[in-house]
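J.: with the input below, show me the fold.
(chains A, B and C)
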Amino acid sequence: MGRSPCCEKAHTNKGAWTKEEDLRLTDYIRKHGEGCWRSLPKAAGLLRCGKSCRLRWINYLRPDLKRGNFTDEEDELIIKLHSLLGNKWSVIAGRLPGRTDNEIKNYWNTHIKRKLLSRGIDPQTHRPINEPAAVTDSNTASSQRTPAAPPQNAAVPSTFPNVNGFTSDAISPKSESSSDHGATTSGTTTDEDLRQNGECYYSDNINSGREELNLELTLGTGSTRWVESGRITGVGSSAESKPWWVH
DNA sequence: AAATTGTCCAACCGCCTAGGG
DNA sequence: TCCCTAGGCGGTTGGACAATT
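T.: Have a look, this model is predicted:
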């Protein structure tokens, strides 16, 4: 049986977006806001499916995207959050202003995994690689803690094991705040939740992470790379090499 | 210089959930 | 209660570029 396609694929473009398509989409959303993604392509004169438009906007065109290289502080925060949340990229992204779930996911797979492995830490379990599988802790939750990501899209069960009994109840998606983050903002993780519950394998607690949550405000100006069609086309301060969509 | 291999990341795919009728 | 649709999410892929042989 299967689902009906999200749009009429026969009449949609696929693959890399062109400058003109980006312009049309940006223009349309500036004028009308993010509304019904399904009808947006037609209204904006785009031969794309709504999903594709949504993704392009969220991951690339949104004006509040940070787009700079990840800082060491962000790296560490991502690692901490991943140890607590598993592969809940959208929730993690919600804690990193200006970052998208896709970006973080890619960054995790290409950089952080390697970084952790070089430290002798298993990127899935966040435990030392040589550590015996059997953990003697009577708190079995902690031995299973490896959230190695719950099944995809499965609602995280309340018993989803986590750090020191920190279950997903405390880190379930948030309904408000960072609402402009679109797809990634249903997270309900509050700083308070994380602060109260979020001890993880790493020696420092989430409190330090909490400070890092303000990176955007305090660290600011790392080098910025401009990317076009998937390639880095320029690096510099945010004021230079401005891409066409930045005003 | 050419061929091969590795790296990176935007975009796609398929599934799930929420919400409305 | 069931069905349908839109939106959202995480995993995976494709292709361009970089590095190495």
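J.: what separation do you get for A:A93 and A:R24?
T.: Computed as Cβ to Cβ, to the nearest Å, the A:A93 to A:R24 distance reads 26 Å. Any C-beta I mention is one placed from the backbone N, CA and C, and that applies to glycine too.
J.: the more surrounded of these two?
T.: A:A93 (26 against 18; other Cβ atoms under 10 Å).
J.: got the domain ranges for chain A?
T.: A:9-61, A:72-218 (automatic domain parsing).
J.: least reliable of those domains by average pLDDT, please.
T.: Mean pLDDT is lowest for domain A:72-218 among those, at a mean of 58.
J.: okay, and the closest residue to A:A44 other than its chain neighbours sits in which element?
T.: Nearest residue to A:A44, sequence neighbours excluded (Cβ to Cβ, 6 or more residues apart in numbering): A:Y28, at 3.7 Å. A:Y28 belongs to helix A:19-32 when assigned by DSSP states H and E.
J.: quick check, that helix touching DNA strand B?
T.: No: Helix A:19-32 lies out of reach of DNA strand B by Cβ under 7 Å from any atom of the strand, never closer than 8.0 Å.
J.: contact partners of that helix?
T.: A:13, A:17, A:40, A:43-46, A:48, A:53, A:56-57, A:60-61, A:244-245 (Cβ atoms under 8 Å, 6 or more residues apart in numbering).
J.: how about 6 Å then?
T.: Defining contact as Cβ atoms under 6 Å, 6 or more residues apart in numbering, one finds that helix A:19-32 is touched by A:A44, A:G45, A:L46, A:C53, A:L61, A:W245.
J.: of those residues, which belong to helices?
T.: A:A44, A:C53 (DSSP state H).
J.: ChimeraX command to pick out the buried ones of the contacts of helix A:19-32?
T.: To isolate the buried ones among the contacts of helix A:19-32 in ChimeraX, judged by 16 or more other Cβ atoms under 10 Å, type:
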select /A:44,46,53,61,245
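J.: from the contacts of helix A:19-32, pick the one nearest DNA strand C.
T.: A:C53 (9.0 Å; Cβ to the nearest atom of the strand).
J.: is that closest one in contact with A:L40, as I believe?
T.: Yes: between A:C53 and A:L40 there is a contact at 5.4 Å, judged by Cβ atoms under 6 Å.
J.: how near is the closest residue to A:L85 other than its chain neighbours to A:K113?
T.: What sits nearest to A:L85 in space, not counting adjacent residues and going by Cβ to Cβ, 6+ apart, is A:V91, at 5.4 Å. Taking Cβ to Cβ as the measure, A:V91 and A:K113 are separated by 19 Å.
J.: okay, these two: which has more neighbours?
T.: A:V91 (25 against 15).
J.: so that one touches A:L84, yeah?
T.: No: using Cβ under 6 Å, A:V91 is not in contact with A:L84, being 9.3 Å away.
J.: stretch A:20-28 close to DNA strand C?
T.: No: using Cβ under 7 Å from any atom of the strand, stretch A:20-28 stays clear of DNA strand C, coming no nearer than 13.5 Å.
J.: got it, and stretch A:32-39?
T.: Yes: judged by Cβ under 7 Å from any atom of the strand, stretch A:32-39 comes into contact with DNA strand C through A:G35, A:C36, A:W37, A:R38.
J.: can you give me the buried ones in that stretch?
T.: Neighbour-count burial for stretch A:32-39 [16+ other Cβ under 10 Å]: A:W37.
J.: quick one: end-to-end length of it, please.
T.: 12 Å (Cα to Cα, to the nearest Å).
J.: how close does the nearest residue to A:P128 once chain neighbours are set aside get to A:E74?
T.: Nearest in space to A:P128, with sequence neighbours left out and distances taken as Cβ to Cβ, 6+ apart, is A:G120 at 5.6 Å. Using Cβ to Cβ, A:G120 is found at 22 Å from A:E74.
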